[in-house]
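**Student:** Below are the sequence and a predicted model; questions follow.
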Protein chains: 2
Amino acid sequence: MRDVIEGIRPLHAEAMKAAKERQDSLVKPAGSLGRLEEISVQIAGITGNVLNRIDRKIHFVLGADNGVYEEGVAAAPQEFTRLLMGFYARGVMCGINVLCAQAGADLVIVDIGVKGELDYPNILSRKLMNGTGNFFSGRAMPRETAEKAIGVGIELAKYAHDNGYGIIGTGEVGMANTTTAAACIAAALGARGAEAEKLVGRGAGLTDEAFGRKRRVICDSLERLNPDPRDAVDILSKVGGLDIAGLCGLFIGAAYWRIPIVVDGVISIAAALLAYGMNPLCRDFMIPSHTSEEPAYRAAAERMGLEPILNLKMRLGEGTGCPIAMQVVDGALAVMGEMSTFAETALETDYQEGIHT
Amino acid sequence: MRDVIEGIRPLHAEAMKAAKERQDSLVKPAGSLGRLEEISVQIAGITGNVLNRIDRKIHFVLGADNGVYEEGVAAAPQEFTRLLMGFYARGVMCGINVLCAQAGADLVIVDIGVKGELDYPNILSRKLMNGTGNFFSGRAMPRETAEKAIGVGIELAKYAHDNGYGIIGTGEVGMANTTTAAACIAAALGARGAEAEKLVGRGAGLTDEAFGRKRRVICDSLERLNPDPRDAVDILSKVGGLDIAGLCGLFIGAAYWRIPIVVDGVISIAAALLAYGMNPLCRDFMIPSHTSEEPAYRAAAERMGLEPILNLKMRLGEGTGCPIAMQVVDGALAVMGEMSTFAETALETDYQEGIHT
């Protein structure tokens, strides 16, 4: 794991320079395609090539249960984690199944810590625990388990690399995982007390009472367990979830194997922030998808300087923002690869200076 | 024209109710797919059917020149309007060509008032003037010409309807058209003086001096011509452009023939706002694409209650946000059409109440 984390290399500056120059040579005012241009330049930095095309897309959904569920911080029955995993595997068309099909992305379902048996041939079993421990009364998992979960994510990234995937999506399912995500983000930002409390969102359908409980559980646990903001494994083992730990490894592995990786909502960005804490270079391989309404999302995005490209008010989870963002990425790469240059039009003017002014 | 404007019928309330019910029956917490759900319900209201699929997409780019260009309110040479029209027609790959191809949208280029000859077989010629008059010293066009231009847009919508297109994109090209757009939006909102000045944006690449000129030209002209906020034709004929008038007609026609129509940036939304002024029902057929940095865009979007779904910092024009938004719409319709229902999974629970809490 150490080798992978330390083996991440920066974006290729040369390729990005050449990519920027090519963007500025295309028949449009320089910079006028905004984030589409930036994404194409970022991906050039990732692959080292100016022109890129993504032929294969992969989206991972990591399922895990959380011991802190016991504290009444989630509205839905805990069995729903296992139930939904069964849905994905049985071909029930859930949001992520439909949107992956729509975007042409392959979907891989991983059991990294769901409570109970999950016997489906098309669920990749990497179960490390039958759900984590309750961090309000104890801690989430042993340190070694957090490391193993990160290792699972790194393995998934390697799988994507070995099979020629050009982009990775990061999804999850697990009751109470907005609680673990908010706790991880607060821990990584070194927030305690009122500052931590502000990061806790209502998730979906929580009553006022349950919302108050959720805030108390997170703040009290951070106080008691005192996770080290500079130690992602410490954070994960104290207040994390196995889905977040696995996704954290996926972000690290994607950076190591140089594959663009799409950030989804608050759970995905919690994992991204922990990966960023282990090696800030991870950030350069991330592409944010949709804005989340959860306050912890915004704090994490701000810390990493990530600005979401979609505003869809989605809060389903499963990484449902990722396949939509992947289509925008396709558009960005098409602009770079298929737009004509000024030279090709035999026009040498100052058109780049601006139209529509 | 009157018949079309007055012939617009509201969204089908029954179909929307049924669509909302179907959304709430799908295997996800109710409302958790946010704007994707809303768009699918809106389109049900447009077509009258709960399930919809868009097989054919069309994007129109209307080219026109603006007399107010003479006042030095644009950075690029005026000939660029004609030049770019030639590019689109000659198969040079501009931003809109690439993004339409990417989204599978057919592209139609219309000359509604470009200055000079445009002799290409694949440009639809509906030229009404060789560019409008300079509204800083005179007015943009006669009232009848504004009406004719609206008629051209209505004709284009009819073409889309007759040829089975399921969604329309609204693009434009024309030097100085952020000036006409800001003037139209200010006029429609009844803004004058400092209030109008705040609506003027820098467009692309404008110097401080030119920016000051642009503000003065708009504010002084509004003062002198005093367009009636309740009369879109008056506004168009005094401070409008032929591209904006044509797009205004396209929005009206789309509402009349009940086709979802995508709003792009500030020029497109100026046309949308004028159509809304003629019949507020037009708004219900609009789908906003990307946020524009132009202050007039925000004011118009706010007035109509439109919230953009993309945040891509694009300012190219040509309607380049539309094909990207069309792909999101495809995703929204796929969710409605392809997701499983709770009944299908033989599961009757309170799952809809929420996960990820």
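**Tutor:** The structure has been received and is ready for your questions. Numbering: from 1, shown residues only, chains lettered A, B, ... in the order given.
**Student:** tell me the contacts of A:Tyr318?
**Tutor:** Let me fix one detail, which is that residue A:318 is Glu and not Tyr. A:Val61, A:Cys94, A:Gly95, A:Ile96, A:Gly171, A:Glu172, A:Val173 (Cβ atoms under 8 Å, 6 or more residues apart in numbering or on different chains). For every residue, glycine as well, the C-beta is placed using N, CA and C.
**Student:** ok now do the fourth one, which residues does it touch?
**Tutor:** For A:Ile96, the contacting residues are A:His59, A:Val61, A:Tyr88, A:Leu107, A:Gly171, A:Glu318, A:Gly319, A:Thr320, A:Pro323, by Cβ under 8 Å, 6+ apart.
**Student:** need those residues in TSV with secondary structure, can you?
**Tutor:** Below are the contacts of A:Ile96 laid out as TSV (DSSP: H, G, I helix; E, B strand; the rest coil):
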residue	secondary structure
A:His59	strand
A:Val61	strand
A:Tyr88	helix
A:Leu107	strand
A:Gly171	strand
A:Glu318	coil
A:Gly319	coil
A:Thr320	coil
A:Pro323	helix
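**Student:** will you turn the residues you listed into TSV that also has distance to A:Val263?
**Tutor:** Output for these, formatted as TSV (distance: Cβ to Cβ, whole Å):
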residue	distance to A:Val263
A:His59	13
A:Val61	15
A:Tyr88	21
A:Leu107	18
A:Gly171	11
A:Glu318	14
A:Gly319	9
A:Thr320	13
A:Pro323	13
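**Student:** Tell me which residues of the least confident helix or strand in chain A by mean pLDDT come out buried.
**Tutor:** Every helix and strand in chain A was compared by mean pLDDT, DSSP states H and E; the lowest is helix A:80-90, with a mean of 93. Going by neighbour count (16 or more other Cβ atoms under 10 Å in any protein chain shown), the buried part of helix A:80-90 is A:Phe80, A:Thr81, A:Arg82, A:Leu83, A:Leu84, A:Met85, A:Gly86, A:Phe87, A:Tyr88, A:Ala89.
**Student:** so is the closest residue to the last one other than its chain neighbours in a helix, a strand, or just coil?
**Tutor:** So the one you mean is A:Ala89. In space, and not counting its chain neighbours, A:Ala89 is closest to A:Tyr120: 3.8 Å by Cβ to Cβ, 6 or more residues apart in numbering or on different chains. Following three-state DSSP, A:Tyr120 is assigned to coil.
**Student:** Show me which residues of the stretch 51-200 of chain A sit near chain B.
**Tutor:** A:73-77, A:80, A:83-84, A:87, A:92-95, A:97-99, A:101-103, A:173, A:175-179 (Cβ under 8 Å from any Cβ of the partner chain).
**Student:** which ones are touching the residue nearest to A:Ala89?
**Tutor:** A:Met85, A:Gly86, A:Ala89, A:Arg90.
**Student:** let's go with 7 Å and repeat that
**Tutor:** A:Gly86, A:Ala89, A:Arg90 (Cβ atoms under 7 Å, 6 or more residues apart in numbering or on different chains).
**Student:** From what I see, the second one and A:Val108 are in contact.
**Tutor:** Looking back up the chat, that one is A:Ala89. No: A:Ala89 is beyond contact range of A:Val108, at 10.7 Å (criterion: Cβ atoms under 7 Å).
**Student:** Run through the bridge partners of the closest residue in space to A:Ala105 that isn't next to it in sequence.
**Tutor:** What sits nearest to A:Ala105 in space, not counting adjacent residues and going by Cβ to Cβ, 6+ apart, is A:Lys57, at 3.8 Å. Per DSSP bridges, the residues bridged to A:Lys57 are A:Ala105, A:Ile167.
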